[in-house]
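Student: 3D model of this:
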Amino acid sequence: MQIYLPIAEMPVDPFIIVMMGGAVGFLSGMFGVGGGFLMTPLLIFYGIPPAVAVGTEASQIVASSVSGVLAHLKRQTVDFLMGGFLVLGGAAGALVGILIFRYLREIGQVEILISLSYVVFLGLIGALMLTESLRTLLRSPDAKPRRRRHRSVGWMAAMPFAMRFRRSQLYISPIPPIILGFLVGVLAAIMGVGGGFIMVPAMLYILKLPTNIVVGTSLFQIIFVTAITTVLHATANQTVDIVLSLLLLSGGVIGAQLGARAGVKLKAEHLRALLALIVLAVCARLLVGLVAAPSSLFIMEAF
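Tutor: Sure thing, here's the model as predicted:
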């Protein structure tokens with residue numbers, strides 16, 4: 001049995017789409033990541049047009065992020081003021097990203113942009129994760145972990161409009177969060193991701209937010225930025241396929257629950273190493289698709 005996707009303009013096997021959603025949901029629950037940076041390439045591998053894969057995945061991230069934020073609200077680990085500035089920058093970045101996306105789609109170069117973006121970011125992130133994981137696994141059991149030196153945030157406090165973020169216990173200017181949100185917003189619009197895989201490390205190492213505040217605040221801004229991105233993709237580019245999104249969500253909800261249970265049984269170092277290998281494998285597959293010669297140089301279509 002096959003279902004026709006009205007926006008992607010192609011029939012798909014709903015069982016395969018649900019299984020893909022379940023598989024990425026399983027990885028999301030196991031590793032604690034949004035999964036957008038894996039789902040979008042998988043949709044492209046399956047044959048979904050890249051523009052539709054990006055727009056539709058953004059809509060799925062909104063739903064998955066809401067449930068995560070609700071859990072963090074109960075723990076009071078969301079900095080709404082910080083999140084507000086991240087959303088402010090993210091909304092502007094999403095608008096710029098949509099304009100870039102639309103222009104490149106009109107000239108027929110959007111597929112190359114999406115693939116190159118994923119190759120660069122997945123390659124960097126996968127390599128860094130694998131290096132850190134191997135370093136931890138090869139460390140002597142008797143060796144004491146090195147303490148990270150506390151870096152001063154004085155340069156951010158010296159910038160204009162400095163204010164106090166009480167939940168994060170920081171006194172910094174809102175300008176760095178706005179710039180960070182802007183960059184993540186551009187990526188969200190172009191790559192169809194929530195940007196958490198970039199936002200979380202940046203909030204930890206650049207903005208110096210406490211670890212317990214980072215994830216909840218990141219999910220908070222992801223909800224609004226991806227929601228804005230979804231609306232813009234739907235109105236400006238018509239690339240959000242609701243049927244495809246519902247199929248992915250139905251599998252992702254179940255997969256996330258199973259992945260969360262499986263993740264408890266593995267060590268954190270093993271989880272990071274496994275995720276790094278998966279990320280690098282997806283990166284390699286995209287790179288091969290970019291450099292490999294096409295099966296045919298010309299395609300003839302009847303009008």
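Student: residues contacting Leu209?
Tutor: Asp79, Met82, Ser168, Leu170, Met203, Thr217 (CB atoms under 8 Å, 6 or more residues apart in numbering). The way it works is simple: take the backbone N, C-alpha and C, and place the C-beta from them, glycine included.
Student: change it to 6 Å
Tutor: By CB atoms under 6 Å, 6 or more residues apart in numbering, the residues touching Leu209 are Ser168, Met203.
Student: how close does it sit to Met156?
Tutor: Counting by CB to CB, to the nearest Å, the separation of Leu209 from Met156 is 12 Å.
Student: hey, where'd the helices end up in the chain?
Tutor: Taking DSSP state H as the criterion, the chain carries its helices at 14-31, 36-46, 50-75, 80-106, 110-138, 154-157, 175-191, 196-205, 211-232, 242-263, 268-291.
Student: among these, which is nearest Arg164?
Tutor: helix 80-106 (9.0 Å; CB to CB).
Student: Which strands or helices does that closest one pack on?
Tutor: helix 175-191, helix 211-232 (3 or more CB pairs under 6 Å, 6 or more residues apart in numbering; DSSP states H and E).
Student: picking up where we left off before, now for the helices of the chain, which one comes closest to Gln2?
Tutor: helix 14-31 (7.5 Å).
Student: counting contacts, what elements does that closest one pack onto?
Tutor: helix 36-46, helix 242-263.
Student: If you count neighbours, what's buried in the shortest one?
Tutor: Looking back up the chat, that one is helix 36-46. Gly36, Phe37, Leu38, Met39, Thr40, Pro41, Leu42, Leu43, Ile44 (16 or more other CB atoms under 10 Å).
Student: Could you dump these into a markdown table and include pLDDT?
Tutor: Output for the buried residues of helix 36-46, formatted as a markdown table (pLDDT from 0 to 100):
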| residue | pLDDT |
| --- | --- |
| Gly36 | 71 |
| Phe37 | 74 |
| Leu38 | 76 |
| Met39 | 81 |
| Thr40 | 81 |
| Pro41 | 81 |
| Leu42 | 84 |
| Leu43 | 87 |
| Ile44 | 83 |
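Student: Closest to Ala127 out of the residues you listed?
Tutor: Nearest to Ala127 among the buried residues of helix 36-46, with distances taken as CB to CB, is Phe37, at 14.4 Å.
Student: Do I have it right that that closest one meets Ala188?
Tutor: No. Taking contacts as CB atoms under 6 Å, Phe37 lies outside contact range of Ala188: 10.9 Å.
Student: where are the low-confidence patches of the stretch 101-250 of the chain?
Tutor: For the stretch 101-250 of the chain, residues meeting the criterion pLDDT under 70 lie at 140-153, 194-197.
Student: To Ile178, which of the helices and strands packed on helix 14-31 lies closest?
Tutor: Nearest to Ile178, of all the helices and strands packed on helix 14-31, is helix 36-46, at 22.4 Å by CB to CB.
Student: How about the contacts made by the closest residue to Pro49 other than its chain neighbours?
Tutor: Nearest residue to Pro49 in three dimensions, chain neighbours excluded: Ala8, at 5.9 Å (CB to CB, 6 or more residues apart in numbering). By CB under 6 Å, 6+ apart, the contact list for Ala8 reads Ile48, Pro49, Val52, Asp241.
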